[in-house]
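A.B. asks: below is the sequence, then the predicted model.
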Amino acid sequence: MRKDGLDLGYCRAGTGTDDLARQLDAVRAAAVCEEQIYVDAKAVTGGQRTGLNALLRAARPGDRVTVATLDRLGCSLRETLGLARDLTERGVYLRTLDPGLALDTSVAGPGTDTALALLERLAELERIYRPEQAAAARAAKPAHRPVRDRQEPPAAAPRTATALRVGALPPRLL
């Protein structure tokens with residue numbers, strides 16, 4: 001427990017080979033009590049993340065949410081930054097344990113402000129480029145469809161009505 005609030009943790013499994021145990025170990029090692037760790041153990045589409053929803057209901061001003069890496073908080077950069085902004089506006093701090101992007105909004109200063117500003121800009125760029133990427137993917141899709149080879153019947157096979165009546169050919173449209 002922190003002096004001015006609780007340390008809360010959040011871990012979310014991804015769709016691939018994401019290691020949920022690694023996240024849990026990192027959050028526990030950061031001195032977050034087991035009963036204050038909220039988990040979404042399986043990837044869920046449609047935003048039904050019960051662990052995150054419970055965390056958001058439990059978080060109070062002065063609390064600090066700890067995640068192993070920033071990408072585990074949200075499913076996209078835009079959503080992640082929206083959650084970070086929402087937490088900040090509510091007086092809840094955010095801490096990441098990733099050495100590549102260590103962030104702790106409970107420590108005020110120019111480093112934290114710069115990191116958040118850069119992340120905001122990246123989210124804006126993602127919002128701008130996502131429709132272009134989706135359009136390019138839709139345009140490329142027909143080009144990648146497999147072409148079915150039509151098999152011609154063997155040249156020696158008879159193609160006459162008499163052969164069909166006798167049963168030499170399987171009945172099918174010619």
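C.D. replies: Looks like it arrived, so ask away.

A.B. asks: max-length strand in this structure?
C.D. replies: strand 7-12 (DSSP state E).

A.B. asks: that one: what's the following helix or strand?
C.D. replies: Next helix or strand after strand 7-12 toward the C-terminus (DSSP states H and E): helix 20-29.

A.B. asks: C-terminal to that next one, what's the next element?
C.D. replies: strand 37-40.

A.B. asks: distance check, the most centrally placed residue in the chain against Ala139.
C.D. replies: With distances taken as Cα atoms, centre = their mean, the residue of the chain nearest its centroid is Cys75 (3.4 Å). Going from Cys75 to Ala139 by Cβ to Cβ, to the nearest Å gives 25 Å. Using the backbone N, CA and C atoms, a C-beta is placed for each residue, glycine as well.

A.B. asks: all helices for the chain, in order.
C.D. replies: Counting by DSSP state H, the chain has helices at residues 20-29, 50-58, 77-89, 110-140, 161-166.

A.B. asks: can you put those in a markdown table and add mean pLDDT?
C.D. replies: Converted to a markdown table, the helices of the chain look like this (pLDDT from 0 to 100):
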| stretch | mean pLDDT |
| --- | --- |
| helix 20-29 | 92 |
| helix 50-58 | 94 |
| helix 77-89 | 86 |
| helix 110-140 | 75 |
| helix 161-166 | 51 |
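
A.B. asks: Lys42: which of those helices is closest?
C.D. replies: Among those, the nearest to Lys42 by Cβ to Cβ is helix 20-29 (9.1 Å).

A.B. asks: please identify the buried residues of the closest one?
C.D. replies: Leu20, Gln23, Leu24, Ala26, Val27 (16 or more other Cβ atoms under 10 Å).

A.B. asks: list just the nearest of these to Glu124.
C.D. replies: Glu124 has its nearest neighbour among the buried residues of helix 20-29 in Gln23, at 27.5 Å by Cβ to Cβ.
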